[in-house]
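Asks: Build the 3D model from these lines:
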Amino acid sequence: MGTMQQRVLLLIIAISLVAAAWCLWPRVQSEMQNRTVAIAVEYHRVQQLAGLCGKTPAQVLAMLKSAGATHVIIREDSLRDLLDAKQLTVIEQSSGIGLSPAPGIRSRVFTTLSRVLPGATVTDDGVLWYQDAAAIAALDPVGVGYSEQAVADAQTAGLSIVARPVGEMTIRKESIDASLDAVQWIGADIVIFAGIEVFGVHDLVKYAGEQMNERDIQFGYIEMAAQFGEAKLAGAVQSRIIRCHALAVGEMVKVLPSKAIDRFALAVRERNVRLCYIRPYLQGADDPVQAAMDFTAGVCGAIAKSGHRPGTPQPFTPLSVAPGVLMVLLIGIGAAAIWLLQTLFSLSPKAFAALLVADVVLSAGCAFVATGLAQHVGALGAAIVFPSLGLLIMRPREGSERPDVWQGMGLFFIVAGISLCGGLLAAACLSDLPHMMQLATFRGVKLAQVTPLLLVLIVFAARCAPAYVSAREKQAPGAPEWPALREGALEALSAVVKYWHVALIFAGMAVLAILVMRSGNATPMPPSGLELKVRAVLEDLLVVRPRSKEIFFGHPILIITLAFLAAGRRRWLWVGMLLGAIGQVSLVNTFGHIHTPLVISLIRVFYGLCLGGVGGIVAWAIGWAALGMYRRLSYAPGPDAVDPPASDD
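Replies: Numbering: from 1, shown residues only. I've put the predicted structure just below:
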């Protein structure tokens, strides 16, 4: 690559990094300023706890408030709930079906049902009559407002209310309005939908969001518990989203309270959760209520360690990526792609200029015409190009010298710096509110993990072949590398395959499959017990736990491999580069988790680089010590050895 071409590409990438900083700084400010977290306890669970301990729900709520609770979550009653509680009597006659609510809830039920289930006739004795008995019998899930007693208990305890409206069967605008009126009647300004769907699925979700905005009601989105229509509703309510974390009832049997506290703290610190949905444990204890208070206080104490505080949560600032800024980011990512092509193919000045013009034109068109798609394409490009570029510009030195770990360390930080640039550009492309709330996710995670590994494997397998070395020796200085790569790849493909080669291939495929399956927060392959223990130790010792695949695997291997690369040692170099690339892919992937605060991602990468560097030095020292011991044992004279003949001197 010519010096002028290199300067042009460096300038473009530098400008794109400035644009990335411009885009990321408001996100950092939003994440740092939004530190208030709701500690919300579920009323139904409190009822159970109170009944088992001989107390009233209001008493238990007051005790939980003293332990740090700020909100109580009240689920909307359904027709089935009222029937089961004997608060609603069904009167069946040949002319239809009558619903007779208990006196204490009559006003609420009449008001709600007359809007949700129109067509009723109200008699003087307080009965709602419907002509179609079969139709009414099938409407058990319909919501009918909130328990007056639950609301009174929350008010007595001085807790704010989070409503859980029933989303099913709200298929009319009047039904949605009635449910939201009920939410306002109890004084709630946050709703977390009960059931599997939100209001108005599918065509009235937008209307529901508009009504929530008019009434100043926020959408509580529970992470990792998908509900139909949630993404569309989140778009309709714009920025009025509160991210929530909860343990399902089935999980609580398996998760100890201490581990549950850690989960809530991790969700708040690393996933922008601002509402902790707490179901008090019904655990065996001398004083179960005190145990519930200790659990609530434990959650409050755990989130306080990361600088958060209990209180009324606020939505994050509505951020978006401006098309103009996105265009600059895409141009920078395209410039890195041109650099990668230039590294392998030594483009002519005309081809270089044509690609540069195409980069600018395509980036501008995509950024302004298809902004959403361009965000994901840009993030995917950055996640693939930059780690590949950092690794592929590292060519084995000619000759053979003694490897030096410090040379490997220096080259490692160059590679990591290039990968870090790619991670920041990918993060900037996706730094908008839907991605921060994980309502939209980076679609190219798997591809971004596999593609750099395949590129590194192909290129370095060719570079390590004798045919590549021979071809490069015959080429003139500055000649393109690809003819030599072709010769090396052909020789590698024509090599004799032995049984251990096959075993190595299967082992590599297994590692790759594990890497892909373990990506993301919810994986089909959970970590082993030993790994969980190591993670727990790291979380106790460090502010943020670095990625295990970086500090124990990818980074140390890459440092050692680059030391051999700098010394001109080619044997098995492709294996080390391939395994070391896993750490770089993981580094970039860290920034693809937009729901994780950017500062947390930067700290995680910093820890990974430092501990990975230490791991590389330790592994190097152990390796050389073991090699020295092996040599001494191999060449040590045995008891029957004959002394060498005396010198003529």
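Asks: How far away from the center of its chain is the lengthiest helix in the chain?
Replies: Among the segments of the chain that qualify as a helix by DSSP state H, the longest is helix 598-635. Averaging C-alpha positions (Cα atoms, centre = their mean, to the nearest Å) puts helix 598-635 28 Å from its chain's average.
Asks: isn't V191 right up against D216?
Replies: No: using Cβ atoms under 8 Å as the test, V191 is too far from D216 to be in contact (11.6 Å). Where C-beta positions appear, they are placed from N, C-alpha and C, glycine not excepted.
Asks: So the two - more neighbours on which side?
Replies: More crowded of V191 and D216, by other Cβ atoms under 10 Å: V191, with 25 against 9.
Asks: Just after the helix or strand bottoming out on mean pLDDT in the chain, pick out the following helix or strand.
Replies: Here the helix or strand of the chain ranked lowest by mean pLDDT, DSSP states H and E is helix 133-137, holding a mean of 67. Of the helices and strands lying after helix 133-137 in sequence (DSSP states H and E), the nearest is helix 148-157.
Asks: For that following helix, name the packing helices and strands.
Replies: helix 43-53, helix 57-66, strand 71-75, strand 160-164 (3 or more Cβ pairs under 8 Å, 6 or more residues apart in numbering; DSSP states H and E).
Asks: among the ones you listed, which is nearest T296?
Replies: helix 57-66 (5.4 Å; Cβ to Cβ).
Asks: For that closest one, list every residue counted as buried.
Replies: 57-65 (16 or more other Cβ atoms under 10 Å).
Asks: Against which helices or strands is it packed?
Replies: By 3+ Cβ pairs under 8 Å, 6+ apart, helix 57-66 packs against helix 43-53, helix 148-157, helix 288-304.
Asks: Need those helices in TSV (columns: distance to G235).
Replies: Listed next are those as TSV, based on distance: least, Cβ to Cβ, whole Å:
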stretch	distance to G235
helix 43-53	30
helix 148-157	31
helix 288-304	29
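Asks: Now render the ones you listed as JSON lines, adding mean pLDDT.
Replies: Listed next are the helices and strands packed on helix 57-66 as JSON lines, based on pLDDT from 0 to 100:
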{"stretch": "helix 43-53", "mean pLDDT": "94"}
{"stretch": "helix 148-157", "mean pLDDT": "95"}
{"stretch": "helix 288-304", "mean pLDDT": "95"}
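Asks: Please identify which of the ones you listed is closest to V8.
Replies: helix 288-304 (48.2 Å).
Asks: Okay, now the unreliable bits of the chain?
Replies: 1, 133-138, 399, 496-499, 501-502, 512, 514-529, 531-532, 635-649 (pLDDT under 70).
Asks: middle-most residue in it, spatially?
Replies: Nearest residue to the geometric centre of the chain (Cα atoms, centre = their mean): H593, 4.1 Å.
Asks: ok, it touching S601?
Replies: Yes: using Cβ under 8 Å, H593 makes contact with S601 at a distance of 7.0 Å.
Asks: can you tell me which residues contact L326?
Replies: 367, 371, 374-375, 378, 429 (Cβ atoms under 8 Å, 6 or more residues apart in numbering).
Asks: quick one: which of those sit in helices?
Replies: Under the assignment DSSP H, those contribute 367, 371, 374-375, 378, 429 to helices.
Asks: Neighbour-wise, give me the winner out of those residues.
Replies: C429 (32 neighbours).
Asks: Was I right to think it contacts A322?
Replies: No: counting by Cβ under 8 Å, C429 does not reach A322; the two are 11.7 Å apart.
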